[in-house]
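J.: Take this sequence and fold it.
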Amino acid sequence: MSDDVLDEAAKLLDTLISPIGGDVGRHLRDAADSLLAAVREVVAPEASESPTAGRSERSDRHGTGEPWSAATGGGPTDIG
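T.: All right, here's what the predicted structure looks like:
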């Protein structure tokens, strides 16, 4: 997620909140600012990690493409 996307989200939130005045508007603005700051903190480290960051080792397995074989590693499983 790029800074441009987050900046646009901030503008949208500001546009939605701006007509609301008083304490409610202030609380909503504070909450939106906190939320966007948290998103930026999470996104920044992920962007600097390797291209395979966030992928599990299971995503590299080649099964039959069916959910059961993907979950079991492609082999038969005795449930009984």
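
J.: Listing request: residues of this structure with sub-threshold pLDDT.
T.: Within the chain, the segments meeting pLDDT under 70 span 1, 47-80.

J.: So which elements touch the longest helix along the chain?
T.: Longest helix in the chain, counting residues (DSSP state H): helix 22-48. In terms of contacts (3 or more C-beta pairs under 8 Å, 6 or more residues apart in numbering; DSSP states H and E), helix 22-48 is packed against helix 3-17. The C-beta positions use only the backbone N, C-alpha and C, and glycine is treated the same way.

J.: before we move on, the earlier item: which parts of the longest helix of the chain are buried?
T.: Applying a neighbour-count criterion of 16 or more other C-beta atoms under 10 Å, one finds Leu28, Ala32 buried in helix 22-48.

J.: and Leu13, how many neighbours does it have?
T.: For Leu13, the count of nearby residues is 17 (other C-beta atoms under 10 Å).
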